[in-house]
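Enquirer: what shape does this take:
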Amino acid sequence: MPHIVVKMYKGRTEETKKDIADILADALSEKGGIDRSAISVAIEDIPEENWKEQVYDKELKEDNKNLYIKPGYKM
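Expert: Residues are numbered from 1 along each chain as shown. This is a model prediction of the structure:
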């Protein structure tokens, strides 16, 4: 505990994904006071044509109370 899931368009290298995961885990550890070894991070590649159906419609709606930073775009 905790587990972070990042969903983004396909196209980043494995090195970039690792860097993103490390940055997120470090920030959560530092700001949340959580031991780094207790944090896991997954990155899911979502094809652009599937973004609306798989992510936007399910997770990014205005009424999602768990969404702390809302996207600056509408679909």
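Enquirer: now the terminal residues of stretch 30-40, how far apart.
Expert: Start and end residues of stretch 30-40 are separated by 14 Å (C-alpha to C-alpha, to the nearest Å).
Enquirer: can you tell me what sits against that stretch?
Expert: Contacts to stretch 30-40, defined as C-beta atoms under 8 Å, 6 or more residues apart in numbering, come from residues Met1, Pro2, His3, Ile4, Ala25, Asp26, Leu28, Ser29. C-beta coordinates here come from the backbone N, C-alpha and C atoms, glycine included.
Enquirer: pretty sure the fourth one belongs to a helix, no?
Expert: No: for Ile4, which was evaluated using DSSP: H, G, I helix; E, B strand; the rest coil, the result is strand, with no helix membership.
Enquirer: residues contacting it?
Expert: Ala21, Leu24, Ala25, Leu28, Ile39, Ser40, Val41, Ala42.
Enquirer: measure it to Ala42 for me?
Expert: Distance, Ile4 to Ala42, using C-beta to C-beta, to the nearest Å: 7 Å.
Enquirer: and what of Gly33?
Expert: In terms of C-beta to C-beta, Gly33 sits 22 Å off from Ala42.
Enquirer: okay, these two: which has more neighbours?
Expert: Ala42 (11 against 7; other C-beta atoms under 10 Å).
Enquirer: next, that one: secondary structure please.
Expert: Applying three-state DSSP: Ala42 is strand.
Enquirer: around the nearest residue to it once chain neighbours are set aside, how many other residues sit close by?
Expert: Distances taken as C-beta to C-beta, 6 or more residues apart in numbering put Val5 closest to Ala42, at 5.0 Å, once the chain neighbours are dropped. Using other C-beta under 10 Å, the number of residues around Val5 comes to 10.
Enquirer: pull the longest helix from this protein.
Expert: helix 14-32 (DSSP state H).
Enquirer: what's the local residue count around Ile39?
Expert: Ile39 has 19 neighbouring residues, counting by other C-beta under 10 Å.
Enquirer: that one and Lys17, how far apart?
Expert: Distance, Ile39 to Lys17, by C-beta to C-beta: 15 Å.
Enquirer: now do Gly11
Expert: 10 Å.
Enquirer: who's more crowded, the two?
Expert: Lys17 (16 against 9).
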